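**Q** what's the 3D shape of this:
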Amino acid sequence: MTPFSPEKLVIFDYSGTLSLEAPRFARPGNLLSALAESGLAKLGVATPEAFWGEIVGPTWIEGSTTATGYRRVMAQRIEARGFAPDATREEIAAATSRFVERYLDHSRIDPLWRPLLENLAGNRGAYVVIATDHYAEATEAIVRHLGSWEILAQKADQWAESSAHTGDGSGTPLGPGRGNGGAKSVMPQGSREVSSHFAGKGETTPNSSVKTRELAPFFIANSADIGFWKTDRRFWETVRLQLAITAIRSVLIIDDFGFNEEQADSYGKRARVEARQKETAASLQDIFQTSITVIPFFLKSEERDRKEAGAQRIAETVRQIDRFLNSGDVTKKVL
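**A** Residues are numbered from 1 along each chain as shown. Below is the predicted model of the structure:
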C-alpha cells in the first residue's frame with residue numbers, strides 16, 4: 001500500500017464555511033421554531049435571549065472543550081437553573097436531544113462544495129482536515145454527512161490506530177487528544193479504492209471517466225475531542241501529532257473565524273473574529289513552521305439570505321484552493 005505522506009495541508013472550518021446552514025439555524029425565527037417543536041420552550045427556554053444568555057453562553061467552554069456534549073450541558077443547565085421544576089430528568093433529556101438532533105441535521109455541508117471535496121478525497125498529495133470549535137456530537141454528524149457522499153472521514157486520533165496496522169502513516173507514536181470516544185468512521189479506516197467519478201487535477205467538476213482511485217480519509221479535528229480551541233497552539237500540536245505530520249511544505253486554511261454566525265451568538269462578535277483569525281494563523285505558523293495561506297470565508301449580513309451570494313463565494317474559494325493545490329499561489333498569504 002502506498003504510504004500517505006502529503007506535502008500540503010488543507011484545513012476547512014465547518015459551521016459558517018462548509019455548512020452555510022448551521023448559522024442560519026440560529027436566526028430568531030428558526031430558533032423559536034426549534035425551541036417550540038423540541039419541547040424546550042415548555043421547559044422555560046422559550047426565547048432566543050434565554051437560549052443564548054442562559055444556556056449557550058454559560059456552558060460554551062465545557063461544551064466545546066470536553067466530551068460532555070451539547071445534549072448534556074444543555075440538560076444540566078436547565079436542571080440547575082430550575083427552569084422547569086416540575087419536569088423530570090428524562091423529559092429534559094428528551095427535549096434537549098430533539099433540539100440537538102434537529103440542529104445537527106440542519107447543519108449539512110452545502111452541496112456546492114461537493115465536487116471540490118470529492119476531488120480532494122482523491123488527492124493523496126494533501127492532508128484534508130475539517131477543524132471546528134464545536135460540541136462533541138458534531139464529529140459524528142460531520143462523518144455522517146461526508147459519508148452520504150461516499151467520502152471517508154474519521155477522527156484524527158483514529159488515524160494513529162489504523163496507520164499502525166496498515167502502514168499508511170509513519171508509525172510515529174502519537175499523543176492522543178482529550179476524549180477518545182465518539183464517532184466511528186462510516187467506512188473502513190485507512191485508505192481504500194472505490195469506483196469514483198472524481199475530477200482530474202485542478203478540476204472540480206465530476207468526471208465519470210476517471211479511473212478508480214485510492215482514497216485518503218478526511219480528518220475531523222473537533223475542539224470537544226481535542227480539548228482546546230483552534231486559536232490555541234495546543235489544538236494544532238495535537239493534530240500534528242495525531243496525524244504524525246513530520247514535514248509539510250504549505251498550509252491552507254479556509255475559515256469564517258465566526259464571522260458568519262448570527263449576531264446574537266457571542267462567538268461571532270467582530271472583535272473576536274479578528275482576534276481569532278490572527279491567533280489561529282499564528283498558532284499554525286508556530287506549529288508547522290511553513291508558509292500559511294488564509295482564505296477568510298466571509299459573507300456580509302445582507303448576503304446571507306441570498307443563495308447566489310453564497311454560491312459565488314464558494315466558487316471563488318474553490319478557484320483559490322485549486323491554485324493552491326496546483327501551485328500554492330493564492331491571494332491571502334500570512335507569513
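
**Q** for the stretch 201-335 of the chain, what spans make up the helices?
**A** Taking DSSP state H, counting those that start in this stretch as the criterion, the stretch 201-335 of the chain carries its helices at 223-226, 233-242, 270-288, 307-326.

**Q** Quickly compare those helices and say which is most buried.
**A** With neighbours taken as mean count of other C-beta atoms under 10 Å, the helices of the stretch 201-335 of the chain reach their highest mean count in helix 223-226, at a mean of 27. (C-beta placed from N, C-alpha, C; glycine too.)

**Q** Quick one: residues in contact with it.
**A** For helix 223-226, contacts defined as C-beta atoms under 8 Å, 6 or more residues apart in numbering pick out 63-67, 69, 132-136, 138-139, 155, 157, 177-180, 182, 229-230, 234-235, 238-239.

**Q** Residue ranges in this protein under the pLDDT threshold?
**A** 1-5, 159-216, 262-268, 301-305, 328-335 (pLDDT under 70).

**Q** And it, what are its domain boundaries?
**A** Following automatic domain parsing, the chain resolves into domains at 8-21+109-334, 26-106.

**Q** if we can go back for a sec, let's see which of the contacts of helix 223-226 end up in strands.
**A** Using DSSP state E, Thr132, Lys155 are the members of the contacts of helix 223-226 that sit in strands.

**Q** Emit the ChimeraX select command for whichever of the contacts of helix 223-226 are buried.
**A** For the buried members of the contacts of helix 223-226, the matching ChimeraX selection, counting by 16 or more other C-beta atoms under 10 Å, is:
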select :63,64,65,66,67,69,132,133,134,135,136,138,139,155,157,177,179,182,229,230,235,238,239
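
**Q** re earlier: could the helices of the stretch 201-335 of the chain go into a markdown table alongside distance to Asn119?
**A** What follows is these, written out as a markdown table (distance: least, C-beta to C-beta, whole Å):
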| stretch | distance to Asn119 |
| --- | --- |
| helix 223-226 | 26 |
| helix 233-242 | 22 |
| helix 270-288 | 23 |
| helix 307-326 | 9 |
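
**Q** between these, which gets nearest to Asp13?
**A** Across the helices of the stretch 201-335 of the chain, Asp13 has its closest neighbour in helix 270-288 (9.4 Å, C-beta to C-beta).

**Q** between the helices of the stretch 201-335 of the chain, which one is nearest to Asn30?
**A** Across these, closest to Asn30 is helix 307-326 (C-beta to C-beta), at 16.0 Å.

**Q** okay, the closest one in PDB with CA atoms only?
**A** Coordinates of each C-alpha in helix 307-326 appear next as PDB, following Å, rounded to 0.1, in the frame of the first residue of the first chain:
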ATOM      1  CA  LYS A 307     -28.200  31.800  -2.300                       C
ATOM      2  CA  GLU A 308     -26.400  33.300  -5.200                       C
ATOM      3  CA  ALA A 309     -24.000  35.200  -2.900                       C
ATOM      4  CA  GLY A 310     -23.100  32.000  -1.100                       C
ATOM      5  CA  ALA A 311     -22.700  30.200  -4.400                       C
ATOM      6  CA  GLN A 312     -20.400  32.900  -5.700                       C
ATOM      7  CA  ARG A 313     -18.300  32.900  -2.600                       C
ATOM      8  CA  ILE A 314     -17.900  29.200  -2.700                       C
ATOM      9  CA  ALA A 315     -16.900  29.300  -6.400                       C
ATOM     10  CA  GLU A 316     -14.300  32.000  -5.700                       C
ATOM     11  CA  THR A 317     -12.900  29.900  -2.900                       C
ATOM     12  CA  VAL A 318     -12.800  26.800  -5.000                       C
ATOM     13  CA  ARG A 319     -10.700  28.600  -7.600                       C
ATOM     14  CA  GLN A 320      -8.300  29.700  -4.900                       C
ATOM     15  CA  ILE A 321      -8.000  26.200  -3.500                       C
ATOM     16  CA  ASP A 322      -7.300  24.800  -6.900                       C
ATOM     17  CA  ARG A 323      -4.500  27.300  -7.400                       C
ATOM     18  CA  PHE A 324      -3.000  26.300  -4.000                       C
ATOM     19  CA  LEU A 325      -3.200  22.600  -4.800                       C
ATOM     20  CA  ASN A 326      -1.500  23.100  -8.200                       C
END
